[in-house]
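pasting the sequence and the predicted coordinates here, then a few questions.
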Amino acid sequence: MSAEGRGPSVLTLVRGRADRLRNLMRGLAAQTVRPRELVIAWMQPEPAPDLPDAGCPVRHILVPGEAMPLAAARNRAASAASADLLVFLDVDCIPSPTLIAAYAQAAAAARGLFLGEVRYLPQGPVDLAALDRLSEAHPARPTPPDSGLRREPDAGQLWGLSFALSAADWRAVGGMDETYTGYGGEETDFAARLAATGLPTYWVAGARAYHQHHPVHVPPLQHFAPILANAARFRARHGRWCMTYWLGQFRSAGLIDWDERAPEIRLIRSPSEAEIAAAFRPDALFS
């Protein structure tokens with residue numbers, strides 16, 4: 001697996017944020033095990049210019065769609081990938097030097113859905129030599145194992161920032177459901193469908209990534225309508241709600257009538273432009 005050309009395919013989705021992508025590519029160039037390729041799914045008319053050397057071949061896929069076609073972009077990238085192992089890395093993430101090696105070792109040891117730790121960087125210029133010192137762990141996420149793999153009973157711990165699985169397991173469930181449009185839900189639905197096949201979920205030691213800072217909304221009122229639609233779609237399929245933390249925040253803001261036992265969400269009103277603006281948190285690390 002360590003020989004160049006035999007590693008996993010790394011897949012990332014991009015709309016804007018070319019500066020973040022460049023740091024991701026610099027991180028890939030510093031890997032102890034080189035990936036076979038980087039597949040970039042561009043959710044914009046054309047690739048960004050002046051991209052750095054990623055230490056591996058780079059393939060560019062154009063994915064049209066105005067409403068952030070996240071599921072479709074992942075599916076197109078996965079279809080274009082040539083490796084047996086797919087490593088999905090968010091464009092905001094810089095991989096630690098051992099990320100590719102750790103995911104490859106995990107896949108050689110077990111069959112599963114593999115999750116890596118993501119630490120969060122503060123505002124300001126990114127110092128690639130000081131990522132461990134500057135970054136913080138997410139307070140709501142589990143601590144990764146010191147070595148090897150640790151079984152995770154809740155496949156819903158999957159976040160799209162960093163995860164890996166075999167191309168065969170991706171294809172077995174048909175990839176991500178493209179009826180989830182806009183923001184939210186498609187990753188949790190994908191994890192639930194994988195779990196239903198009996199595929200185990202694992203945390204992976206050494207697969208650390210660093211999330212580059214960007215402003216967030218707390219709660220994410222700018223995605224209010226798609227979150228409600230995608231939560232309802234998930235509830236209809238799986239008989240339970242996803243994104244409950246955000247739904248609870250929307251309820252507390254007086255926007256919806258909802259609880260986890262309810263079969264549906266009752267819309268009270270949509271957020272105003274002033275409320276969306278007030279939720280903007282340029283300095284917050286976590287949404």
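Good, I have the coordinates.

quick one, helices of this structure?
For the chain, the helices defined by DSSP state H occupy 18-29, 70-80, 99-109, 131-134, 167-172, 186-196, 224-238, 244-252, 273-278.

per-domain residue ranges of this protein.
9-211, 216-281 (automatic domain parsing).

closest to residue 287 out of those?
domain 216-281 (4.1 Å; CB to CB). The C-beta positions use only the backbone N, C-alpha and C, and glycine is treated the same way.

include mean pLDDT when you put the helices of the chain into CSV, please.
Shown next, in CSV, are the helices of the chain (pLDDT from 0 to 100):
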stretch, mean pLDDT
helix 18-29, 97
helix 70-80, 95
helix 99-109, 98
helix 131-134, 94
helix 167-172, 97
helix 186-196, 96
helix 224-238, 95
helix 244-252, 95
helix 273-278, 96
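
and residue 262, which of these is closest to it?
helix 224-238 (9.1 Å).

against which helices or strands is that closest one packed?
helix 186-196, helix 244-252 (3 or more CB pairs under 8 Å, 6 or more residues apart in numbering; DSSP states H and E).

mind putting the ones you listed in a markdown table, distance to residue 91 and mean neighbour count included?
A markdown table is the format used below for the helices and strands packed on helix 224-238 (distance: least, CB to CB, whole Å; neighbours: other CB atoms under 10 Å):
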| stretch | distance to residue 91 | mean neighbour count |
| --- | --- | --- |
| helix 186-196 | 15 | 21 |
| helix 244-252 | 22 | 16 |
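
picking up where we left off before, deepest in the core, which of the domains of the chain is it.
With neighbours taken as mean count of other CB atoms under 10 Å, those reach their highest mean count in domain 9-211, at a mean of 19.

how about low-confidence regions in the stretch 1-150 of the chain?
Within the stretch 1-150 of the chain, the stretches with pLDDT under 70 are 1-5.

the strands in it, which residues?
9-14, 37-42, 58-62, 85-89, 93-95, 113-115, 118-120, 136-137, 149-152 (DSSP state E, counting those that start in this stretch).

for the third one, which outside residues touch it?
Same thing as strand 58-62. Strand 58-62 is contacted by residues 25, 37-42, 45-47, 51, 73, 76-77, 80 when judged by CB atoms under 8 Å, 6 or more residues apart in numbering.
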